[in-house]
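**Student:** Provided below are the primary sequence and the corresponding predicted coordinates.
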Amino acid sequence: MVSLRAASLTLLGLIGDVAIASRMAVHHEDISIVASAASAVDSEEHSAEYSEETRKIMRRNIGACINPDDAPTLQGDEQTWQEDVWSKIDKYPSVTMDGWANRPFGSRFLPPHMMLGLVRNDTKYVKDNIPLVGEDSQCFLFDYSKGADQPDPAGCGIFSKTFAPLKELRSCIVEHLDQDSIWSSRKTTAIHDPSTNFSGPYTEWCPQAVWGTVGGGASDVQLCSASWDSHQRAQEMIKLVLFKPLPDDSSRAAERVRSKVQFTTSWPKGQDSVTHSTASAIQERCFRVRDAGDSIAGSLEQARFLQMISVCLPLMFDKAEIQGFGLNDGLAKFQSPNYGTGSGQNLRQYATFPVAPACGRMALATIPGFQKATYMLLGFDSVANGDAKVPFRDCVQVGESNCRKAYFCWERALNRICGMSPACCPLKDTPDRAVAEESRLNTHEACKTNPDGKIINIGTSSRWTPESFFGLQRRCPKKMGTGSR
């Protein structure tokens, strides 16, 4: 067999959970917060200006991560948004965002794998620092108990109602993982994997472990990453446990949680990846699911709430990317020595976006369908760069996904967030504050009326302006930094 391994996480980026997806029957499912999206965004097919219906969908999806108990409150008037959202955005951000790319399979002939950066940090996220050890995303370090009385350059606090319980959930899992005898000793453990007749140290098993095959068995799929820490393992658990609704019966729900806690790409299939006591503790104390026979067994209300807000987990990452099925933590790539200087992966900063991270988190919130869409490995659109020009209707109502489509859809969503408020538009680099603010307002208007910078803006609400004749119709993507291809 021909191994497609060009560093384990490249496969996560381009092949990813293909085997997982096929076993879990991963197909696009109806997501309540994007219901009826197709009809609402169809009006944009022939017009660069997006409709009020699209704004409502975007607001509803954002509201699900800002105020999950009462998301409809953000469907109110502009004053509600100004008080609850825009006034909390850093209009003069000290921290902004970026995008990253690397060579898929180490090949310079394929379109680059894409990763969006919700936090730009040019001293932390550089190739010379790889592998990063002991680092974490800013929204997992933020102290949500302090409220607004603290600096928040990474734009985490506005999402405290979802980020705080997700941080607590991950911390709970990590605490139990670090005390687990199997997980904590894995790097010195001798592994026996009957599927490949391997016997030897974990550090040798993991890089060569075969999860499955593609191409009718012609190529191996290798997903294990020895550089994973407890944070990455906990996030994998959250994703797998909360992917599908839990059964109504508490005993069946508890059994499901324990099964998903054991399931991982970082351990031989069919073998316990943690002890039974650890799996039960994570089930009960972290996911809040108890067996029916438990004397204090109650409703699944807390677990249902975690399931509802789990769609917001990728918004917490400094870097996020499609790694096969769903959005995953791009920090793992910076933790792997396979992406460092001289690796051949050419991991590089692809673009920069001069707006606050909270705006990028909101943009990602508007396209939740990417977390459950069917994964498409590589198609003609990718090779022809067509996935960089996806209509926004195909971003809101996602049928198929890959890393590039998710990235460029996020860019388009970011343009539309600027169109919703000047708070998420860039300032002109000038000491004259009045000139800078005027430029911001002009960009806001451009992103409101022509977010994708279309040369011909056709539609019932379109209008011809001097911009149409003097080539300024690209103002929105140019000023936002989203025009790179």
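**Tutor:** Sure thing, it's come through. Numbers count the residues shown, from 1 in each chain.
**Student:** quick one: the strands in the stretch 301-450 of the chain?
**Tutor:** Under the criterion DSSP state E, counting those that start in this stretch, strands of the stretch 301-450 of the chain are mapped to 319-322, 327-329, 348-353, 374-375, 400-401.
**Student:** can you give me the mean pLDDT across the first one?
**Tutor:** Think strand 319-322. Mean per-residue pLDDT for strand 319-322: 95.
**Student:** how about the strands of the stretch 301-450 of the chain, which one is nearest residue 138?
**Tutor:** Closest of the strands of the stretch 301-450 of the chain to residue 138 is strand 319-322, at 10.9 Å (criterion: CB to CB). Where C-beta positions appear, they are placed from N, C-alpha and C, glycine not excepted.
**Student:** give me the below-cutoff pLDDT ranges for this protein.
**Tutor:** Applying pLDDT under 70 to the chain flags the ranges 1-51, 76-77, 213-219, 292-298, 324, 377-386, 456-473, 484-485.
**Student:** and with 80 instead?
**Tutor:** Within the chain, the set of residues satisfying pLDDT under 80 comprises 1-53, 71-78, 105-107, 212-222, 292-299, 323-325, 342, 375-389, 455-473, 483-485.
**Student:** possible to save the strands of the stretch 301-450 of the chain as a markdown table with distance to residue 276?
**Tutor:** Below are the strands of the stretch 301-450 of the chain laid out as a markdown table (distance: least, CB to CB, whole Å):
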| stretch | distance to residue 276 |
| --- | --- |
| strand 319-322 | 33 |
| strand 327-329 | 27 |
| strand 348-353 | 44 |
| strand 374-375 | 32 |
| strand 400-401 | 35 |
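**Student:** tabulate the ones you listed (TSV), appending mean neighbour count and distance to residue 205.
**Tutor:** Below are the strands of the stretch 301-450 of the chain laid out as TSV (neighbours: other CB atoms under 10 Å; distance: least, CB to CB, whole Å):
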stretch	mean neighbour count	distance to residue 205
strand 319-322	27	26
strand 327-329	26	22
strand 348-353	18	31
strand 374-375	18	26
strand 400-401	21	30
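**Student:** hang on, residue 100 in a strand?
**Tutor:** Yes. Remark: residue 100 belongs to a strand, assigned using DSSP: H, G, I helix; E, B strand; the rest coil.
**Student:** which non-adjacent residue is nearest it?
**Tutor:** residue 115 (4.3 Å; CB to CB, 6 or more residues apart in numbering).
**Student:** kindly report the same for residue 180.
**Tutor:** residue 278 (4.3 Å).
**Student:** so that neighbour makes contact with residue 175?
**Tutor:** No. Assessed by CB atoms under 8 Å, residue 278 is found out of contact with residue 175, at 10.3 Å.
**Student:** what's the longest helix along the chain packed up against?
**Tutor:** Assignment by DSSP state H gives helix 160-179 as the longest helix of the chain. Identification of packing neighbours for helix 160-179 by 3 or more CB pairs under 8 Å, 6 or more residues apart in numbering; DSSP states H and E yields helix 52-66, helix 138-141, helix 181-184, helix 230-241, helix 276-281, helix 301-309.
**Student:** what's the spacing between residue 253 and residue 302?
**Tutor:** Per CB to CB, to the nearest Å, residue 253 is found 12 Å from residue 302.
**Student:** the more surrounded of the two?
**Tutor:** Neighbours were counted for residue 253 and for residue 302 using other CB atoms under 10 Å; residue 253 has more, 22 against 13.
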